[in-house]
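# No sequence on hand, only this structure:
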């Protein structure tokens with residue numbers, strides 16, 4: 001059974017990528033893909049040393065865990081990884097690479113082992129005197145051996161039997177190549193025989209040198225083994241760190257391979273987005289040589305591709321799925337990086353091949369049903385289906401697949417479907433979640449263009465394709481007659497009706513968008529009007545406060561017998577009063593005359609109008625009644641049921657102690673605040689030092705409103721509750 005990469009023709013692309021690995025591994029990376037992307041981006045900005053090939057060391061790590069002894073080449077593999085991370089630490093790395101590499105802390109005990117190795121993976125003789133002497137003796141012995149062989153190769157007695165004067169290495173032994181009969185002039189042992197019948201011999205005169213060499217090599221192996229024991233014992237203590245290094249080396253290998261692969265082929269990385277769209281710009285499928293770039297948007301649940309045979313429908317399907325697969329695994333590919341977007345999908349499925357199997361006694365259509373049944377267990381997947389109605393009656397299949405596709409898209413599955421049958425396209429076109437794509441055909445030159453048109457149904461051009469691939473013209477002409485004009489006209493009607501339906505739906509969507517824009521503008525204007533009205537109200541309140549303050553100053557001046565100054569201050573006060581009156585009487589835009597029962601808006605609150613008295617109105621907002629200026633209300637609708645307005649009594653009287661008091665019993669919150677503001681202003685103007693506010697106890701709501709207002713009032717010295725009566729608050733001005 002084909003793998004997904006084989007179905008999508010990505011095998012060669014992935015093979016080329018794997019050539020950049022330091023060791024064989026799968027292309028999938030575990031962990032946060034966004035974090036991987038940041039490391040790859042940082043690594044792309046610098047030049048870094050070439051990574052060395054290292055085998056997978058899982059088996060060797062288990063040996064260390066069991067305190068076993070590793071061979072020298074196995075130890076050197078660990079040394080290679082450790083040395084590479086030391087080299088990276090010496091570089092000036094960008095974040096987040098710098099932090100990651102610096103956090104790999106290699107202990108001095110391990111670094112000491114690294115110093116014992118040469119670049120070729122041998123023990124450095126300069127760090128071990130015994131090994132140094134052995135190496136020195138081996139070189140001297142080798143030189144003597146070479147000299148003796150040279151003399152024999154150029155001796156006159158052996159000249160007649162020598163094939164050449166070269167020293168031949170056979171199975172690690174230095175030998176001479178001679179003809180038969182050599183034993184008449186030289187004692188030697190035969191090591192091997194050439195294909196031409198000549199003999200490779202080892203002269204007895206140098207056998208003692210070979211024995212000496214064998215002894216020295218044996219001693220060298222003993223020394224090396226002691227080091228292997230020592231190094232293995234040290235690394236056994238650090239076997240968990242070795243496992244960590246092995247894993248981090250793989251991780252860096254993933255990053256560097258992707259960076260070098262992208263640079264080698266001028267590819268781009270596309271990080272999967274959180275959306276479920278696939279937008280390809282200038283995408284080139286890696287399996288096609290000199291491809292025509294693909295530009296396509298998949299932003300709906302289903303893409304239905306119709307049109308000419310051999311026109312690129314299947315390759316379009318493979319391109320979309322390939323882009324998702326490569327993006328999901330952070331494999332670079334050729335595209336316009338700025339305009340390409342690939343969403344994240346948990347699973348990728350390609351229903352492409354004919355599933356018919358004689359061995360398993362399964363038909364083409366039955367095989368398709370098996371594959372579709374598996375999809376009902378998936379969510380958040382992208383699925384490509386090539387020739388969806390393959391293997392059964394097209395009309396029946398169209399109805400069946402229409403229902404299945406509708407059901408599966410509700411599970412968060414996105415489909416790319418190719419088909420030649422217009423019945424399914426016609427059934428699916430009425431859905432807003434379906435995008436129709438037509439593969440275009442150049443009728444003048446009678447060949448596909450390998451381009452696509454969104455929002456349309458394409459013709460199959462079966463007769464033209466047959467003729468293009470060598471079917472005789474008279475056969476094609478006869479087939480057209482059998483097909484008949486009526487069938488052709490019916491197909492054209494299906495195409496036109498589907499196109500018109502989609503155009504109408506697009507126009508309706510455009511009208512809806514424009515209508516929403518108009519409604520938004522209307523709401524914005526209403527908000528501006530409300531803001532201006534609020535500013536107007538605040539300006540009136542400011543003028544009234546200035547009038548009250550000016551009146552107070554005039555009263556104080558008159559009490560001090562400063563009549564001229566008093567009159568001037570009173571004139572100033574009347575000016576502010578006049579400005580306030582003018583502001584209240586300013587012309588307002590024509591508004592609907594409000595009536596009891598209307599639904600109204602006051603500032604940011606919405607409520608019901610339940611009472612009218614002069615310039616004031618009573619409204620009910622979330623169960624709370626408020627007395628507000630009528631001019632600040634805005635009509636927003638009608639109320640079917642109106643509640644009767646309760647009576648409110650407000651009385652102001654002087655107390656027996658010479659102070660004044662106000663009763664707010666039964667007042668609404670806003671009404672109480674307005675009355676209290678006027679009451680305190682009058683008290684200040686009259687020169688009273690202490691006043692009483694009678695609000696009662698009740699549920700404590702009115703008292704809280706009064707206390708909150710007094711806290712923000714600027715002209716107060718203090719206020720406190722009356723001893724023995726919690727329903728009265730005493731205010732000192």
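Good, I have the coordinates. Note that the structure is predicted; figures quoted are calculated from it, not measured.

# Output the lowest mean pLDDT helix or strand found in this protein.
strand 651-654 (a mean of 43; mean pLDDT, DSSP states H and E).

# Contacts only, for the most centrally placed residue in the chain.
Relative to the mean C-alpha position of the chain, the nearest C-alpha, by CA atoms, centre = their mean, is the one of residue 273, at 3.4 Å. Taking CB atoms under 8 Å, 6 or more residues apart in numbering as the contact definition, residue 273 lies against 341, 342, 343, 344. Heads up, the C-betas are built off the backbone N, CA and C, glycines and all.

# That one and residue 299: what is the separation?
Using CB to CB, to the nearest Å, we find residue 273 at a distance of 12 Å from residue 299.

# again with residue 545
Applying CB to CB, one obtains 58 Å for the distance of residue 545 from residue 299.

# can you check residue 40 too?
Applying CB to CB, one obtains 27 Å for the distance of residue 40 from residue 299.

# In this structure, which residue sits furthest out from the middle?
Farthest-out residue of the chain from its mean C-alpha position, per CA atoms, centre = their mean: residue 184, at 84.1 Å.

# Would you map out the domains in this protein?
According to automatic domain parsing, the chain comprises the domains 33-107+238-265, 127-220, 278-471, 591-646, 651-732.

# just those: most buried one?
domain 278-471 (a mean of 18; mean count of other CB atoms under 10 Å).

# circling back to that earlier point, look up phi and psi at the residue nearest to the centre of the chain.
In this entry, residue 273 is assigned phi and psi values of phi -90, psi 170 (degrees, to the nearest 10).

# Also residue 186?
The phi/psi pair for residue 186 (degrees, to the nearest 10) is phi -150, psi 130.

# can you pull the contacts of the residue lying closest to residue 316 once chain neighbours are set aside?
Excluding the flanking residues, the one nearest residue 316 by CB to CB, 6 or more residues apart in numbering is residue 305, at 6.0 Å. With CB under 8 Å, 6+ apart as the criterion, the residues that contact residue 305 are 313, 316, 317, 416, 417, 418, 419, 437, 438, 439, 452.

# Of the residues you listed, which is the nearest to residue 719?
Nearest to residue 719, judged by CB to CB, of these is residue 416 at 74.8 Å.

# Phi and psi next, for the closest one.
Main-chain dihedrals, residue 416, degrees, to the nearest 10: phi -120, psi 120.

# How about residue 105?
Given degrees, to the nearest 10, the pair of backbone angles that residue 105 has is phi -90, psi 110.

# Residue 318 versus the residue nearest to residue 316, what's the distance?
As defined by CB to CB, residue 305 lies at a distance of 12 Å from residue 318.

# which residues in the stretch 101-250 of the chain form helices?
Assigned by DSSP state H, counting those that start in this stretch, the helices in the stretch 101-250 of the chain fall at 108-115, 129-153, 156-159, 207-237, 239-265.

# nearest residue to residue 41 other than its sequence neighbours?
Counting by CB to CB, 6+ apart, residue 269 is the residue found nearest to residue 41 once chain neighbours are left out, at 7.7 Å.

# per-residue pLDDT, that neighbour?
Reported pLDDT at residue 269 in the predicted model: 95.

# contacting residues around the closest residue to residue 118 other than its chain neighbours?
Using CB to CB, 6+ apart and skipping residues adjacent in sequence, the residue nearest residue 118 is residue 124, 5.2 Å away. By CB under 8 Å, 6+ apart, the residues touching residue 124 are 115, 116, 117, 118.

# Which parts of the stretch 601-733 of the chain are strands?
Counting by DSSP state E, counting those that start in this stretch, the segments of the stretch 601-733 of the chain that form strands are 605-613, 616-621, 624-629, 633-638, 651-654, 660-663, 690-694, 718-722, 725-732.

# Now distance to residue 162 too, for those, in CSV please.
Conversion of the strands of the stretch 601-733 of the chain to CSV gives the following (distance: least, CB to CB, whole Å):
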stretch, distance to residue 162
strand 605-613, 115
strand 616-621, 119
strand 624-629, 122
strand 633-638, 117
strand 651-654, 141
strand 660-663, 136
strand 690-694, 132
strand 718-722, 128
strand 725-732, 130
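
# okay, and the common contacts of residue 273 and residue 299?
Taking CB under 8 Å, 6+ apart as the contact criterion, no residue touches both residue 273 and residue 299.

# secondary structure class for residue 25?
Going by DSSP: H, G, I helix; E, B strand; the rest coil, the secondary structure assigned to residue 25 is coil.

# Now do the same for the closest residue to it other than its chain neighbours: its pLDDT.
For residue 25, ignoring the flanking residues on the chain, the nearest one in space by CB to CB, 6+ apart is residue 250 at 6.2 Å. pLDDT, residue 250: 94.

# Residue 27 is in contact with residue 250, correct?
No. At 11.9 Å, residue 250 does not count as touching residue 27 under the criterion of CB atoms under 8 Å.

# Report the contact partners of the closest residue to residue 249 other than its chain neighbours.
Using CB to CB, 6+ apart and skipping residues adjacent in sequence, the residue nearest residue 249 is residue 81, 4.6 Å away. Residue 81 is in contact with 54, 245, 246, 249, counting by CB under 8 Å, 6+ apart.

# Closest one of the residues you listed to residue 64?
Residue 64 lies nearest to residue 246 out of the contacts of residue 81, by CB to CB, at 10.7 Å.

# Distance-wise, check the residue nearest to the closest one when sequence neighbours are not counted relative to residue 105.
By the measure of CB to CB, 6+ apart, the closest residue to residue 246 outside its immediate chain neighbours is residue 57, 5.0 Å from it. Residue 57 sits 20 Å away from residue 105, taking CB to CB as the criterion.

# and the residue nearest to residue 249, that one's in a helix?
Yes. Secondary structure assignment places residue 81 in a helix (three-state DSSP).

# who touches the residue lying closest to residue 337 once chain neighbours are set aside in this structure?
With CB to CB, 6+ apart as the measure, residue 268 is the residue that lies nearest to residue 337, at 4.0 Å, once sequence neighbours are left out. Under the criterion of CB under 8 Å, 6+ apart, the contact partners of residue 268 comprise 262, 332, 333, 334, 335, 336, 337, 340.
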